[in-house]
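Colleague: build the 3D model from these lines:
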Amino acid sequence: MAPHLTFHGGAGTVTGSCYAIEHAKGRFLVDCGLFQGTKTVRELNYGAFPFEPATIDFVLLTHAHIDHSGLLPKLHKHGFRGPIHATAPTVDLLSFMLPDSGHIQESEVERLNRRNRQRGRAPVEPIYTRQDAEDCLEQIKGVAYETWLEPGPGVRARFWNAGHILGSASIEIQVADGAGGRPIRLLCSGDLGPDEKVFHLEPDAPAGFDYLVCESTYGDRDREDATVEHRREVLCREINEAVGAGGNLLIPAFAVERTQELLHDIGVLMAEGRMRAAPVFLDSPLASRATGVFIKHAAALEDIAIAENELFRNPNFRFIGSVEESKALNRITAGAIIIAASGMCDAGRIRHHLRNNLWRSRATVLFVGYQAPGTLGRLLLDGEQSVRIHGQEVAVKARIREMGSYSAHADQKELVAWVGERLPVHGGIFLVHGEDRARTALREHLMAAGCDGAKVHLPKLDDGFALAAMPPARAARRARIPDKAIARDWHNDYAALLLRLRRELERLPSDRARSDLLRRLHAELPASE
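Modeller: Residues are numbered from 1 along each chain as shown. As a prediction, the model looks like this:
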């Protein structure tokens with residue numbers, strides 16, 4: 001049997017990364033991540049896997065971010081018992097990230113089921129529980145960079161620094177072709193870091209492959225060529241302006257890497273007296289524990305501008321643990337810097353702080369990372385005047401700001417350069433982990449740089465390819481959701497309609513006019529049975 005590659009996530013979207021490789025001697029996965037984005041996309045997390053988990057021999061994991069690792073406990077829950085191979089820092093991060101994710105699944109479902117009971121709907125089960133996640137941890141095995149391992153018959157793999165977050169890796173894979181010929185060689189980029197970044201060296205991996213699977217998150221844009229020092233200057237200006245506006249500054253941030261970069265740079269700015277003194281509240285138990293892992297691995301970090309024994313230890317930093325401490329922050333209306341997860345505002349404590357601050361004109365929300373379509377973060381960046389949080393409508397009066405220079409992803413120019421350094425690629429290049437607009441733009445730039453456009457593929461969700469063929473042969477596809485629902489679905493349209501309807505009803509001059517509008521809307525609906 002010739003090796004077969006199927007994209008069960010991270011295809012047309014930047015989340016849910018999961019690539020299955022089936023070959024003559026078995027089947028394995030590269031990543032198994034949680035879907036984020038529109039409600040239709042998120043519902044994939046609750047549905048059945050498009051494969052039988054018990055048939056998976058092992059998993060090769062690129063890094064700890066939940067959109068790459070977050071469905072591993074579900075995989076375990078439904079019968080997977082093989083090893084999960086990841087770098088040592090990734091193992092340390094997952095030791096609490098996955099249980100925390102299980103706790104979030106339980107909490108979110110508990111809240112949903114309270115509403116379902118009120119609406120007379122059947123209860124739903126969490127994707128997985130904290131216990132499922134803790135059981136899954138027993139399967140995770142640490143591996144060293146640049147060292148070959150044989151995770152299963154007919155397969156060899158080697159991890160290379162991806163420069164994205166602590167422990168991130170691109171994975172070189174050799175798979176027996178099933179016909180006795182030379183193994184098929186492929187490289188999965190994972191998420192690639194930019195050239196200018198604290199903590200990590202630039203991404204690295206060998207050249208000369210049959211197939212290349214490359215992320216494309218920022219395939220349609222080039223960031224400003226900013227040094228780390230320039231980024232600090234911009235952050236300093238944003239913080240000083242936010243504090244000077246007389247309100248709180250909210251920074252939605254991913255718990256791993258982004259939060260630690262912010263704490264590091266704020267610590268540097270404070271030590272140099274360049275920013276206004278302000279209390280910095282890290283309201284994320286997960287981020288606090290991740291910070292401990294960074295301290296543990298501090299000797300391996302690059303470009304630290306603070307002594308190792310002082311890293312993240314600043315008298316102005318306050319690590320918030322309990323729910324009660326988090327709620328107490330609601331009493332602060334000005335002068336605080338609150339960093340909280342999640343980075344896309346889809347869950348976690350940041351949503352409570354947004355609900356408490358968005359309607360305040362003096363407050364500021366600073367985005368420092370990618371916001372997937374359909375997320376609350378993207379809605380705010382797109383200029384929505386009101387949003388719904390925990391079922392409540394909240395007016396958006398706060399200043400909405402964005403910094404792209406904190407991205408942990410390579411931009412278009414860096415992605416093109418990275419691919420160029422991996423050439424030649426004989427069979428094909430698959431662009432994944434990006435919206436279609438970003439993937440299309442990156443494909444065009446790769447062609448302009450000399451790549452054969454016929455070899456650059458944009459797989460859709462659940463697309464499969466036979467790797468023995470050159471170019472790869474596309475298999476019949478059974479997609480789980482419509483392609484168009486990835487970017488925007490009916491749930492987004494429904495929420496937008498409700499908000500528009502409320503604004504229109506408030507604008508009308510009388511109750512009679514409001515009743516007339518509602519009657520016209522009712523008349524457009526089919527008669528109820």
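
Colleague: before we move on, which element is the residue nearest to the spatial centre of the chain in?
Modeller: Centroid check for the chain by CA atoms, centre = their mean gives residue 67 as the closest residue, at 4.8 Å. Here residue 67 sits within helix 66-69, counting by DSSP states H and E.

Colleague: just the CA trace of that helix, in CSV.
Modeller: Extracted C-alpha coordinates of helix 66-69, given in CSV (Å, rounded to 0.1, in the frame of the first residue of the first chain):
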residue,chain,number,x,y,z
ILE,A,66,-4.3,23.7,21.8
ASP,A,67,-5.1,24.0,18.1
HIS,A,68,-2.5,21.4,17.6
SER,A,69,-2.8,19.2,20.7
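
Colleague: show me what that helix is packed up against.
Modeller: helix 88-119 (3 or more CB pairs under 8 Å, 6 or more residues apart in numbering; DSSP states H and E). For the C-beta atoms, the positions are set from N, CA and C on the backbone; glycine is no exception.

Colleague: can we see that at 10 Å?
Modeller: Contacts defined by 3 or more CB pairs under 10 Å, 6 or more residues apart in numbering; DSSP states H and E place helix 66-69 against strand 84-87, helix 88-119.

Colleague: contacts only, for the residue nearest to the centre of the chain.
Modeller: Contact analysis of residue 67 by CB atoms under 10 Å, 6 or more residues apart in numbering lists 9-10, 13-18, 31, 33-37, 191, 254, 344, 372, 433.

Colleague: try 8 Å
Modeller: Residue 67 makes contact with 10, 14, 15, 16, 17, 33, 34, 35, 36 under the criterion CB atoms under 8 Å, 6 or more residues apart in numbering.

Colleague: so how far is the helix or strand residue 352 falls within from its chain's centroid?
Modeller: Assigned by DSSP H and E, residue 352 belongs to helix 350-357. Relative to the mean C-alpha coordinate of its chain, helix 350-357 is positioned 20 Å out (CA atoms, centre = their mean, to the nearest Å).

Colleague: okay, now the sheet partners of the helix or strand just after that helix, with direction.
Modeller: Toward the C-terminus, helix 350-357 is succeeded by strand 364-367 as the next helix or strand (DSSP H and E). The pairing partners recorded for strand 364-367 under DSSP bridges are strand 249-252 (parallel), strand 399-402 (parallel).

Colleague: which strands or helices does the helix or strand just after the first one pack on?
Modeller: By that I understand strand 249-252. Remark: after strand 249-252, the chain's next helix or strand is helix 258-271, criterion DSSP H and E. Contact analysis of helix 258-271 by 3+ CB pairs under 8 Å, 6+ apart lists helix 228-244, strand 280-283, helix 285-296, strand 337-340 as its packing neighbours.

Colleague: send the alpha carbons of helix 258-271 over as PDB?
Modeller: Extracted in PDB, the C-alpha atoms of helix 258-271 (Å, rounded to 0.1, in the frame of the first residue of the first chain):
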ATOM      1  CA  ARG A 258       2.700  35.300  23.900                       C
ATOM      2  CA  THR A 259       2.100  36.000  27.600                       C
ATOM      3  CA  GLN A 260       5.700  35.300  28.500                       C
ATOM      4  CA  GLU A 261       7.000  37.600  25.700                       C
ATOM      5  CA  LEU A 262       4.700  40.400  27.000                       C
ATOM      6  CA  LEU A 263       5.900  40.000  30.600                       C
ATOM      7  CA  HIS A 264       9.500  40.000  29.500                       C
ATOM      8  CA  ASP A 265       9.100  43.100  27.400                       C
ATOM      9  CA  ILE A 266       7.000  45.000  30.000                       C
ATOM     10  CA  GLY A 267       9.700  44.000  32.600                       C
ATOM     11  CA  VAL A 268      12.400  45.500  30.400                       C
ATOM     12  CA  LEU A 269      10.400  48.700  29.800                       C
ATOM     13  CA  MET A 270       9.800  49.100  33.500                       C
ATOM     14  CA  ALA A 271      13.400  48.400  34.400                       C
END
